[in-house]
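**Student:** Pasting the sequence and the predicted coordinates here, then a few questions.
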Number of protein chains: 2
Amino acid sequence: MLTYELEIKLTNIFDVARKAGVSKSTVSRVFSHGYVADATRRKVILAANELNYVPSLLARQLRDQKTRTIGFIAKSYYPSVGVLLNFVTHFAERKGYNVTVYFTKSKKDEIRILDNFRLHALDGLFFVANRNDWSFIERYAKYGPIVTWRRIKSNKVYSSFIDHYPLYKEILEYIYNKYGVQKVGHILNDPTKNNTKARLKAINAIDQKYPNADNQWQLFYPEQEGAGEKAANKFLNNRDAPKIIVAYSDYVAAEFISNLHAQGLRVPNDIKVFGFDNSDFGKFMNISTIDTCLNLQVKNDVNYIISNLEQKDFYKEEIHPRLIKRSTC
Amino acid sequence: MLTYELEIKLTNIFDVARKAGVSKSTVSRVFSHGYVADATRRKVILAANELNYVPSLLARQLRDQKTRTIGFIAKSYYPSVGVLLNFVTHFAERKGYNVTVYFTKSKKDEIRILDNFRLHALDGLFFVANRNDWSFIERYAKYGPIVTWRRIKSNKVYSSFIDHYPLYKEILEYIYNKYGVQKVGHILNDPTKNNTKARLKAINAIDQKYPNADNQWQLFYPEQEGAGEKAANKFLNNRDAPKIIVAYSDYVAAEFISNLHAQGLRVPNDIKVFGFDNSDFGKFMNISTIDTCLNLQVKNDVNYIISNLEQKDFYKEEIHPRLIKRSTC
DNA sequence: ATGAAAGCGCTAACAG
DNA sequence: CTGTTAGCGCTTTCAT
């Protein structure tokens, strides 16, 4: 057991002031903004260096009632969450903001975070996923900017969503073009989510357009982890299953394919699989997919937060997802 | 542009006190520890609820000179970083600690974080990777617990490392057993890192033991991102390259295999690949690997931090990595 | 059992 | 240009 210098008083602004023979405020001015005579400034800097002084973040945070910290809130971990976090942190750090990560296990967990937000312990909130209803979360929007990459309709919470409707239609058209109109299976996310609704709507539109289309084979898995395996089991136990499957993420597609391989099935020979989001899984396993430009989505989210905090205009970057043809479909 | 209720004073302990007809300290006692008569307590709770009062985190942090926050420090993002972060956050949250993520771009960035640590803005530090020398970082160990999963020798910074020496020997023995003693290639990390040194030492020991062994084909890539692709290029441009390659992570192995596939090579038919760390990439691409039990490593790290902070005994969990035979080797 | 007062370290408004 | 003072919101002796 080590003992730490935790009880030792930090060298503070007052120590520096005394050593430099000036007042607290002068030292403060040197380390923040404010006019200080050059000679005085030098004295202060000198004293500060000798004492190895660094201004206390905690004191500043209490004083300013802001922390320059963004809360990153998810429900569980899966690879895309890591990628999102990477982008959020990347864009935040460029503007001098930190990111604190939360995995909520319950509504209460989430409320605790929202309360910390209200208390200015967090300046902005990025939701990967939420546990309480948006209508509830929205109430906190008056305390600062809240954003999400999810597709939601709200004038309080900013959403950087991209519309899956045209993209999903594009996928199906691509498949029909390449392999002919036929039975296609779908591994989808939570049916109550707007992205899933948009996909379902796309399927509907396609069904109208192509009388021979058959898109009845639909599986829904709100959790990415294990979705591919479960879908594979369903697939393998159903002789009537389609020969072309569209998954809602490359990760899910990858796990699906992996489980198919384990049963001796070949992709694309025996079955074709289309992914979504163009992650490393898609790249390495050569999965046809849609590049959703996640980095730009996150960029919009973070820029929204920061431009709001700093009272600047927010410029939304247009996003142009594109279909990537690879070997699995 | 929205406007936020940022300037509005928070309802604080004093407001509650006034409403309840008691003093600040009594309210404080109710919300922290301390004896308060039942009747008084009820009055306070009532007033607090009516005012929607929540104690200020910021004020407590300044007061206590601790934040219950652990800094997670990496140099860049690659999938294993996400996995590490997930585990760190998981174990930290169970004990009521938060995690703030940093990607350092320079030594200065890292020093800024270390300074915040000194200033009690961070209670503990987890290093995925460091930019300054360990000897420099060690100096900050007197301000609180610092840990890393990297293999370092230090009595100030805790290391949860597992010894790659026996594991790497095990991999080579496994290969020789299965395919006979022959030329084996190695994709390795930074040669100055102790894990890499341990692997090199294992190769040496194996070379002694098997006179016919040939382990000269060695590539070094400190950055995981792109390592597999570069290694593949080297491999493809070298007709004398070995037919069995060991990579330093499943991710690197996956990218390597992916690039081989793109050139029409088949694994394991044309070439065999062994990974390391048992990530999702290994699982989905069926890569033989070593399960390093990363979660336990991180568990030890986080437990070390927290038991030190809370002055409790630290119990290290023993880790038993194991070889996982899959299809690529 | 409760209140008064000091202090965590900083900044900004106000004087001078 | 610099010093004084008040205040951010909380906890913790020390009295009573």
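**Tutor:** Ah, there it is.
**Student:** which stretches of the stretch 201-329 of chain A form helices?
**Tutor:** Using DSSP state H, counting those that start in this stretch, the helices assigned to the stretch 201-329 of chain A run over residues A:227-236, A:250-262, A:280-284, A:294-309.
**Student:** can I assume residue A:235 is in contact with residue A:241?
**Tutor:** Yes. The pair formed by residue A:235 and residue A:241 meets the contact definition of C-beta atoms under 8 Å, at 4.9 Å. C-betas here are computed from N, CA, C, even on glycine.
**Student:** higher neighbour count, the two?
**Tutor:** Set side by side, residue A:235 and residue A:241 show more neighbours around residue A:235, with 21 against 16, by other C-beta atoms under 10 Å in any protein chain shown.
**Student:** Not counting sequence-adjacent ones, nearest residue to whichever residue of the stretch 201-329 of chain A sits closest to DNA strand D?
**Tutor:** Distances between the stretch 201-329 of chain A and DNA strand D by C-beta to the nearest atom of the strand are smallest at residue A:309, namely 17.9 Å. On the basis of C-beta to C-beta, 6 or more residues apart in numbering or on different chains, the spatially nearest residue to residue A:309 that is not a chain neighbour turns out to be residue A:123, at 5.7 Å.
**Student:** Can you read off the pLDDT for that neighbour?
**Tutor:** Residue A:123 is assigned a predicted lDDT (pLDDT) of 96.
**Student:** which ones are touching it?
**Tutor:** Listed by C-beta atoms under 8 Å, 6 or more residues apart in numbering or on different chains, the contact set of residue A:123 reads A:66, A:67, A:68, A:69, A:70, A:97, A:144, A:145, A:305, A:309.
**Student:** Please give the number of neighbouring residues around the third one.
**Tutor:** Meaning residue A:68. When neighbours are counted by other C-beta under 10 Å, residue A:68 registers 18.
**Student:** got the contact list for the residue lying closest to it once chain neighbours are set aside?
**Tutor:** With C-beta to C-beta, 6+ apart as the measure, residue A:97 is the residue that lies nearest to residue A:68, at 5.0 Å, once sequence neighbours are left out. With contacts taken as C-beta under 8 Å, 6+ apart, residue A:97 has the following neighbours: A:68, A:69, A:70, A:123, A:124, A:306.
**Student:** From those residues, pick the one nearest chain B.
**Tutor:** residue A:69 (7.2 Å; C-beta to the nearest C-beta).
**Student:** what sits opposite the closest one in the beta ladder?
**Tutor:** Going by DSSP bridges, residue A:69 is paired in beta bridges with residue A:98.
**Student:** wouldn't it be in contact with residue A:96 here?
**Tutor:** No. With contacts counted by C-beta under 8 Å, residue A:69 stays clear of residue A:96, the gap being 10.6 Å.
**Student:** From residue B:77, how far out is the residue minimising distance to the centre of chain A?
**Tutor:** What sits nearest the mean C-alpha location of chain A, by C-alpha atoms, centre = their mean, is residue A:84, with 3.8 Å. Distance of residue A:84 to residue B:77, computed by C-beta to C-beta, to the nearest Å: 11 Å.
**Student:** And for residue A:14?
**Tutor:** For residue A:14, the distance to residue B:77 under the criterion C-beta to C-beta works out to 41 Å.
**Student:** Those two: which has the busier surroundings?
**Tutor:** Neighbours of residue A:14 and residue B:77, each counted by other C-beta under 10 Å, are more numerous for residue B:77; the result is 21 against 11.
**Student:** picking that back up, which of residue A:69 and residue A:96 has more residues huddled nearby?
**Tutor:** A count of neighbours by other C-beta under 10 Å puts residue A:69 above the other of residue A:69 and residue A:96, at 21 against 8.
**Student:** Residue A:35 and residue A:29 touch, don't they?
**Tutor:** Yes. Residue A:35 sits in contact with residue A:29 when judged by C-beta under 8 Å, with a separation of 7.1 Å.
**Student:** So between these two, which is more surrounded?
**Tutor:** For residue A:35 and residue A:29, the more surrounded residue by other C-beta under 10 Å is residue A:29, and the numbers stand at 17 against 7.
**Student:** how would you label that one: helix, strand or coil?
**Tutor:** Following DSSP: H, G, I helix; E, B strand; the rest coil, the label given to residue A:29 is helix.
**Student:** Okay, strands next: where are they in the stretch 101-250 of chain A?
**Tutor:** When assigned using DSSP state E, counting those that start in this stretch, the strands of the stretch 101-250 of chain A occupy the ranges A:124-127, A:146-148, A:158-159, A:185-188, A:218-220, A:244-247.
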